[in-house]
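Asks: this one's sequence-less:
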């Protein structure tokens with residue numbers, strides 16, 4: 001079955017007089033294709049990890065829309081007890097977001113760490129940041145990330161019907177108003193505040209991986225095929241971005 005991707009539209013809205021940026025989207029289309037991907041690949045995450053990954057996909061999408069178009073961003077959270085790596089990546093130019101969870105062979109840290117890498121199309125060195133985060137809720141990580149890495153306050157909100165919102169401070173932001181926001185107030189901003197839609201971007205759940213792109217991972221094994229295949233006719237290779245499975249045979253290498 002071929003996945004027919006649907007797009008989530010994400011609005012960037014300037015809140016006048018409060019000097020804040022509201023980024024909001026309804027994520028059912030992305031989640032639908034995410035679950036189709038899991039079904040195709042025979043992947044089933046525990047309910048709590050599944051929700052974490054979905055929340056992280058939404059949070060990174062909103063952050064991407066708050067950033068310049070050229071940015072491609074990857075977030076990795078290395079969490080303890082139980083130890084996992086939560087990975088999401090995406091970009092506005094590609095109009096795509098993807099991610100996965102690693103549960104095997106994960107180094108257990110003494111604290112929860114969050115890593116962000118931002119790459120641009122101009123060839124500049126990727127910008128990286130690392131911070132310690134509290135808890136296991138990706139929505140709550142956003143304010144911690146913005147405080148340390150973006151050098152401005154921001155708050156993220158999980159709303160009804162798979163809607164999410166990010167409110168980020170702009171110069172001369174009303175910080176008291178920002179700090180006092182709750183889910184109900186954020187859901188009603190377009191009715192209670194003077195706003196202007198700046199732009200709309202769209203995203204889908206899509207990795208773009210192919211067997212041809214995955215095979216170079218095994219380049220170092222070409223002289224040790226017996227060690228790699230261990231008597232088997234084929235091995236399974238997993239995409240590091242979305243966990244899609246590919247069957248690799250000796251003649252492919």
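Replies: Thanks, I have it. Small disclaimer: the values here were computed from a predicted structure and weren't measured.
Asks: break the chain into its domains for me.
Replies: The chain is divided into the following domains under automatic domain parsing: 8-205, 211-252.
Asks: deepest in the core, which of the ones you listed is it.
Replies: Among those, domain 8-205 has the highest mean neighbour count (mean count of other C-beta atoms under 10 Å), at a mean of 17. To be clear about C-beta, it is placed using only N, CA and C from the backbone, and glycine gets the same treatment.
Asks: how about the helices in the chain?
Replies: 28-41, 47-65, 138-145, 175-179, 183-187, 189-192, 211-214, 225-229 (DSSP state H).
Asks: so for residue 132, which of these sits nearest?
Replies: helix 138-145 (8.4 Å; C-beta to C-beta).
Asks: next, the angle helix 47-65 makes with that closest one.
Replies: For helix 138-145 against helix 47-65, the angle by axes from the mean of the first three to the mean of the last three C-alpha atoms, to 10 degrees is 40 degrees.
Asks: same for helix 138-145, what does it pack against?
Replies: Counting by 3 or more C-beta pairs under 8 Å, 6 or more residues apart in numbering; DSSP states H and E, the packing neighbours recorded for helix 138-145 are helix 47-65, strand 113-119, strand 127-132, strand 154-158.
Asks: to residue 41, which of those lies closest?
Replies: That would be helix 47-65 among the helices and strands packed on helix 138-145, by C-beta to C-beta, at 13.7 Å.
Asks: just to revisit the earlier point, quick one: closest of the helices and strands packed on helix 138-145 to residue 201.
Replies: For these, proximity to residue 201 was assessed by C-beta to C-beta; helix 47-65 is nearest, at 5.2 Å.
Asks: and the angle from the closest one to strand 113-119?
Replies: For helix 47-65 against strand 113-119, the angle by the same axes, to 10 degrees is 40 degrees.
Asks: how far off centre is helix 47-65?
Replies: 6 Å (C-alpha atoms, centre = their mean, to the nearest Å).
Asks: any idea of the angle it forms with strand 154-158?
Replies: 130 degrees.
Asks: what is the mean pLDDT for helix 47-65?
Replies: Mean per-residue pLDDT for helix 47-65: 98.
Asks: need the residues that contact the top strand by length along the chain.
Replies: In the chain, with assignment by DSSP state E, the single longest strand is strand 195-205. Contact with strand 195-205 is made by 5-16, 21-22, 25, 29-31, 33-34, 37, 57, 61, 64-65, 69, 90, 92, 95-98, 189, as judged by C-beta atoms under 8 Å, 6 or more residues apart in numbering.
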